[in-house]
Every structure is written in structure tokens, then in C-alpha cells.
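>>> Predicted model follows, preceded by the sequence.
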Amino acid sequence: MSDSLICERRGYVALVTMNNPPANTWTAQSLKGLKALVEELNEDRDIYALVLTGQGEKFFSAGADLKLFAEGDRAVARDMARCFGEAFESLSRFRGVSIAAINGFAMGGGLEVALACDIRIAEEQAQMALPEAKVGLLPCAGGTQNLALLVGEGWAKRMILCGERIDAARAEKIGLVEEVVATGEGLERALALAEQVADQSPVAVSACKTLIQSGRSRPLDQGYILERELFVDLFHSEDQREGVNAFLEKRKPQWKNR
């Protein structure tokens, strides 16, 4: 892992810190690193959750460094769009639960990586925007799609088409973030929430996440069918038997993630 992306394992939780001062911007290298890291964590059966945050007190992430696009090079644009897409789509498909601890400005690709997470915790001073159109660009890392799914078409258009920046309180009100906490408490809250995941069967959590996200691309009636199929599939797992028997025996389950 490069210095611009630091991973620390804390029990069942992987803490990933964007570390590219002063604004924790993304590079092709760090995007490729994120994709590789998520793939590695997917293979680690002892990791149930991922928490993503930014180094420092001012920025979660300011997205891409605009200097990359100053020359109007289409090859560079194509390569960066691919890197952004592959990295954030990998994060969205992470087997476990991903939580963004937004500890400052989340702009452009910085907000898009938070949108790729399952849950977002924002500190009260955080500011969020997708301002790409202000510089003749557009969000190319899932922003136009994921933002509309979370907050609806109207607010997505206000933020993207009108370039509106919102604070943490407004973000919580419109459903962009799930919780707002005091300055400096975002990471602690995100880690506490991530630790709750360990109380759940990781096999069941993965199946539930698949079902929830399947609604983005399949009709509702197909979702109902898949839901029943995955429920029965859980009976192939050791965790299903462990969970039920632990409840009946009034003890804490010992998950094996298989």
C-alpha cells in the first residue's frame, strides 16, 4: 500500500486513510491501490467492515487534482475516468459494510468515494459538493448516479447542475449522510458502527447487501424472487446454524464467515 492510502486492521475492521496532503486528492496510483486493497480485503475472511477517512482536520478528500486535466488530454481523461470508476465500483461491491467518516471537505471525487460507501457519517463542519461543471467537467465516478439514488433527482440536480455546496446538517436532512457528529468525533463513531457489524453473521450481511443494492438494476418482482433464493442459500453456511443455535442456547454467536 502506498503512503497516499494507509490501511490499518483493527480487529474485524479495516481502517483506510486517504493521505495525500494538503487535500487528500486522488491519483491514478492511489485509485489503483484502492481497487487492489478492496480486492485483498474481500479475500480476508476476518475483515467484516471497512472505514474510510481523510488524513488531517480540513479535508476528507478534494477529489482529483485538476492539474491533470489542464492540457485537455483526452487520453489522460480516459485513463483517470477508468481508474475512478474501477476503484469506486470495487468499493461499492465490497463484501462487508463500508462506512465513510467525512471529517472535512468532500468535493468532487472526494464526495463520490463517500457515495460508493454503504453508510456516511459526517462531522458538523463538513462541506460537500460535486462542482465539476464549474470547471467544464462532470462527475465520472458514479456521482450522477449514486447521488440521485440517495437524495432524489431534485437535490442531485441542485448540487450538480447548480453547483450547490451543502453543509453536514443539510446533508443529513436530505439523506446524503446518515448521521452528523461533533468535530473530531467522526472516526470514533464510524469505528463504533463498524464494530456492530461483528455482531451480525458476515455471510448474512453480504447477502443482505447484495439484495439491497440489486434494487438499483432489477425490477422489484425479481428482487423478491432473489431475496427468497438467497435466504435458502444461507442454509449452506455454518453461520446460519451457529446463529440460530446461539440464540436458542442464549449465548453470543461465534461467526466463522462461511
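Thanks, I have the structure now. Numbering: from 1, shown residues only.

>>> Low-confidence stretches in the chain?
Residue ranges of the chain with pLDDT under 70: 1-2, 220, 227.

>>> Go ahead and flag the most central residue of it.
residue 117 (1.4 Å; C-alpha atoms, centre = their mean).

>>> That one is in contact with residue 60, isn't it?
No: Residue 117 is beyond contact range of residue 60, at 11.3 Å (criterion: C-beta atoms under 8 Å). To be clear about C-beta, it is placed using only N, CA and C from the backbone, and glycine gets the same treatment.

>>> contacting residues for the residue nearest to the centre of the chain?
52, 91-92, 98-100 (C-beta atoms under 8 Å, 6 or more residues apart in numbering).

>>> Repeat the analysis, applying 10 Å as the threshold.
Contacts for residue 117 (C-beta atoms under 10 Å, 6 or more residues apart in numbering) come out as 50-52, 88, 91-92, 94, 97-102, 146, 190.

>>> same deal with residue 83?
Residue 83 is in contact with 26-32, 34-35, 64, 141, counting by C-beta under 10 Å, 6+ apart.

>>> With secondary structure, neighbour count and distance to residue 257 as added columns, please give these in a markdown table.
Below are the contacts of residue 83 laid out as a markdown table (DSSP: H, G, I helix; E, B strand; the rest coil; neighbours: other C-beta atoms under 10 Å; distance: C-beta to C-beta, whole Å):
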| residue | secondary structure | neighbour count | distance to residue 257 |
| --- | --- | --- | --- |
| 26 | strand | 30 | 31 |
| 27 | coil | 17 | 33 |
| 28 | helix | 16 | 33 |
| 29 | helix | 13 | 31 |
| 30 | helix | 23 | 28 |
| 31 | helix | 25 | 28 |
| 32 | helix | 15 | 27 |
| 34 | helix | 27 | 23 |
| 35 | helix | 18 | 22 |
| 64 | strand | 26 | 35 |
| 141 | coil | 29 | 30 |
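
>>> Skipping adjacent residues, who's closest to residue 253 in space?
Excluding the flanking residues, the one nearest residue 253 by C-beta to C-beta, 6 or more residues apart in numbering is residue 246, at 3.7 Å.

>>> That neighbour: how many residues sit nearby?
Here the number of neighbours of residue 246 (other C-beta atoms under 10 Å) works out to 15.

>>> part of a helix, is it?
Yes: secondary structure assignment (DSSP: H, G, I helix; E, B strand; the rest coil) places residue 246 inside a helix.

>>> distance of it from residue 252?
Distance of residue 246 to residue 252, computed by C-beta to C-beta, to the nearest Å: 7 Å.

>>> go on, residue 138?
Where residue 252 is concerned, residue 138 sits at a distance of 48 Å (C-beta to C-beta).

>>> how about the strands of the chain, start to end?
According to DSSP state E, the chain carries its strands in the segments 5-10, 13-18, 49-54, 59-61, 97-102, 105-107, 119-123, 127-129, 166-167, 179-181.

>>> residues touching residue 170, list them.
127-128, 155, 164, 176-177, 180.

>>> which of those residues are buried?
Among those, those classed as buried by 16 or more other C-beta atoms under 10 Å are 127-128, 155, 176-177, 180.

>>> Most widely separated two among those?
155 and 180 (16.6 Å; C-beta to C-beta).

>>> okay, now the closest residue to residue 147 other than its chain neighbours: neighbour count?
Closest residue to residue 147 apart from its sequence neighbours, by C-beta to C-beta, 6+ apart: residue 156 at 4.6 Å. For residue 156, the tally of surrounding residues (other C-beta under 10 Å) stands at 22.
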